[in-house]
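Participant: sequence first, then the predicted structure, then my questions.
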Amino acid sequence: MNSPIKGQAAICIVNYKTLDFTRLCLRSIRKYTHFPYEVIVIDNNSADDSLEYLKSLKWIKLIERDTSNDVSGGHSHSAALDLGLENCNSEFFISMHSDTFVKKDNWLTELISYFDEDIDIACVGSDKIELTPKWQVMLKKATDFRTFRRKLFYEPDPSGKYRYYNRTICAIYKTQVLRNENLNFQMDREKGLTAGKKLYFELVDRGYKTTELKPSVMGQYIIHLAHATQVVNPKEFILRKKTTRKINRITKKVMNFEQVKNLLADDSLDNSNACL
């Protein structure tokens, strides 16, 4: 395999039946990205309007993936990211969820600057981004008795379930490091770890540096509608009614942002010859 192209990033997005979110994600990348990039979209057998939309875009690399042997939605997502990594030709590999949207101009240039030419830094990212009011987040943490009990009694965490990791909602990795270390996004899926969690642990445990941005910092660059894919596909994913109501409320609010409405109205961003 050829060496990755220096000074270029591959943004990998996994699509599964999220037409409006995927369209917004791609258009936001198109409008606000000035760092050299390629976009790789892995479609997990959507067979709906979102796939037809992706096929109409000439400026992305679309890969249709067979999901017939997948055991879960989580497995499908991590396997899709691995397929994107296999097809990456760039120095940096970026995992991004289809319900993640860019909101700041020149976002990628600024995020990549956190590598600061340090050859030992292998990943830049953050923890999950909360869109709920700060007081609700603080209240949730203050009443998290399961976490309090675990820390009080020093309960072991052999699989790393509670260990910090940079989330794949928007994480930037050095492609060659992942390949040299033979790392992938499906590692320890059988232990219940989410996509990229074990990969991140391995980077840290093998001595690589990582940049862990505060969610408030990452939130200056992107918006992430957590669980939005599950909410718009209720027949295929089971969520608590309380969670569904919360996500629907937040989604409605975000989709009414003027910036979001302008992106969805700008069909020119789909054109391969768009002047941006």
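Facilitator: Here it is on my side, so go on.
Participant: can I get stretch 90-106 as CSV, trimmed to CA atoms?
Facilitator: What follows is stretch 90-106, C-alpha atoms only, in CSV (Å, rounded to 0.1, in the frame of the first residue of the first chain):
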residue,chain,number,x,y,z
SER,A,90,-4.3,10.6,3.5
GLU,A,91,-1.9,11.4,6.3
PHE,A,92,-4.8,11.9,8.7
PHE,A,93,-7.9,9.7,9.1
ILE,A,94,-11.0,11.3,10.6
SER,A,95,-13.9,9.3,12.0
MET,A,96,-17.1,11.4,11.9
HIS,A,97,-20.7,10.3,12.6
SER,A,98,-23.4,11.1,10.1
ASP,A,99,-25.2,13.1,12.8
THR,A,100,-22.2,15.3,13.4
PHE,A,101,-22.2,18.7,11.7
VAL,A,102,-19.4,21.3,11.2
LYS,A,103,-20.2,24.8,12.4
LYS,A,104,-17.0,26.7,12.3
ASP,A,105,-15.0,27.9,9.2
ASN,A,106,-11.5,26.4,8.9
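Participant: what residues sit buried inside it?
Facilitator: For stretch 90-106, a neighbour-count test (16 or more other CB atoms under 10 Å) marks 90-103 as buried. Where C-beta positions appear, they are placed from N, C-alpha and C, glycine not excepted.
Participant: can you name the two of those residues that are farthest apart?
Facilitator: Within the buried residues of stretch 90-106, two members stand farthest from each other by CB to CB: 91 and 99, at 26.1 Å.
Participant: residues contacting the residue nearest to residue 75 when sequence neighbours are not counted?
Facilitator: Using CB to CB, 6 or more residues apart in numbering and skipping the chain neighbours, the partner closest in space to residue 75 is residue 189 (5.9 Å). Neighbouring residues of residue 189 by CB atoms under 8 Å, 6 or more residues apart in numbering: 74, 75, 78, 195.
Participant: I'd like to know how far residue 189 sits from residue 107.
Facilitator: 30 Å (CB to CB, to the nearest Å).
Participant: what pLDDT does residue 136 get?
Facilitator: If you check residue 136, the pLDDT there is 53.
Participant: restricted to strands, list the buried residues of stretch 90-106.
Facilitator: Of the positions in these, 90, 91, 92, 93, 94, 95, 96, 97, 100, 101, 102 sit in strands, assigned by DSSP state E.
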